[in-house]
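S.K.: Using only what follows, build the 3D model:
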Amino acid sequence: MNDAPQRDDQWSLALTRIAEQRCRQSFATFFQHFSPLLKGFLMKGSRLNGAQAEELVQEVMIKVWNRARQFDSTKSSATTWLYTIARNSRIDWLRRQANAETEELIADDLYEDEAGETPFTQLQHARDQQTVASALATLPEEQALVLKKVYMESKSHSEVSNELGLPLGTVKSRVRLALKKLQDVVGREAIA
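M.R.: All right, here's what the predicted structure looks like:
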């Protein structure tokens with residue numbers, strides 16, 4: 001059991017109010033204070049430009065709002081907790097950029113958004129579903145399982161990690177590899 005006292009500084013208390021009361025005023029104050037500091041931190045020593053850093057600040061602050069309940073003032077200060085989230089988000093962003101060379105397969109690539117259903121579009125949708133189903137069948141079982149949980153059950157990577165007892169990085173890798181394989185299979189079938 002942790003015998004450390006809870007911190008009662010302004011930012012720890014703000015995070016506590018955000019977590020327990022979903023206090024928008026506390027979040028707004030937290031956001032206004034830390035946004036410029038985070039932007040500088042995220043740009044320092046990285047290849048992020050100002051716009052990218054601002055976008056990443058937004059991502060970090062969304063995580064703060066969603067994960068405020070995970071903050072434990074007996075384990076770290078609010079700023080340490082925040083900057084850890086920011087550092088991890090920057091690492092994730094840099095990894096995404098490194099992987100951006102491979103174009104991701106997204107659902108919008110498979111289904112056109114048309115105003116009405118015609119016999120032709122219904123046939124095309126059925127063929128697309130068959131293509132995706134047969135492509136899913138070519139995946140290793142562990143990749144298919146993770147992909148189904150993320151995209152068909154709408155679970156976050158963290159939820160899948162907890163449910164399957166896998167490290168978060170493993171879940172993300174399996175999703176990335178599965179999407180790449182699906183993209184290759186669907187691409188080959190589209191050309192054929």
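S.K.: Can you show me the helices along this structure?
M.R.: 10-21, 24-43, 50-67, 78-99, 107-110, 119-137, 141-147, 157-164, 168-191 (DSSP state H).
S.K.: Mind putting these into JSON lines with mean pLDDT and mean neighbour count?
M.R.: To be clear about C-beta, it is placed using only N, CA and C from the backbone, and glycine gets the same treatment. Converted to JSON lines, the helices of the chain look like this (pLDDT from 0 to 100; neighbours: other CB atoms under 10 Å):
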{"stretch": "helix 10-21", "mean pLDDT": "91", "mean neighbour count": "18"}
{"stretch": "helix 24-43", "mean pLDDT": "91", "mean neighbour count": "16"}
{"stretch": "helix 50-67", "mean pLDDT": "91", "mean neighbour count": "16"}
{"stretch": "helix 78-99", "mean pLDDT": "86", "mean neighbour count": "15"}
{"stretch": "helix 107-110", "mean pLDDT": "50", "mean neighbour count": "12"}
{"stretch": "helix 119-137", "mean pLDDT": "72", "mean neighbour count": "13"}
{"stretch": "helix 141-147", "mean pLDDT": "87", "mean neighbour count": "17"}
{"stretch": "helix 157-164", "mean pLDDT": "90", "mean neighbour count": "16"}
{"stretch": "helix 168-191", "mean pLDDT": "78", "mean neighbour count": "16"}
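S.K.: domain assignment for this structure?
M.R.: Domain ranges of the chain: 10-99, 107-191, per automatic domain parsing.
S.K.: Kindly provide the distance from the residue lying closest to residue 23 once chain neighbours are set aside to residue 11.
M.R.: With CB to CB, 6 or more residues apart in numbering as the criterion, residue 23 has its nearest non-adjacent residue at 4.1 Å, and that residue is residue 17. Separation of residue 17 from residue 11 (CB to CB, to the nearest Å): 11 Å.
S.K.: Perfect, I'm done here.
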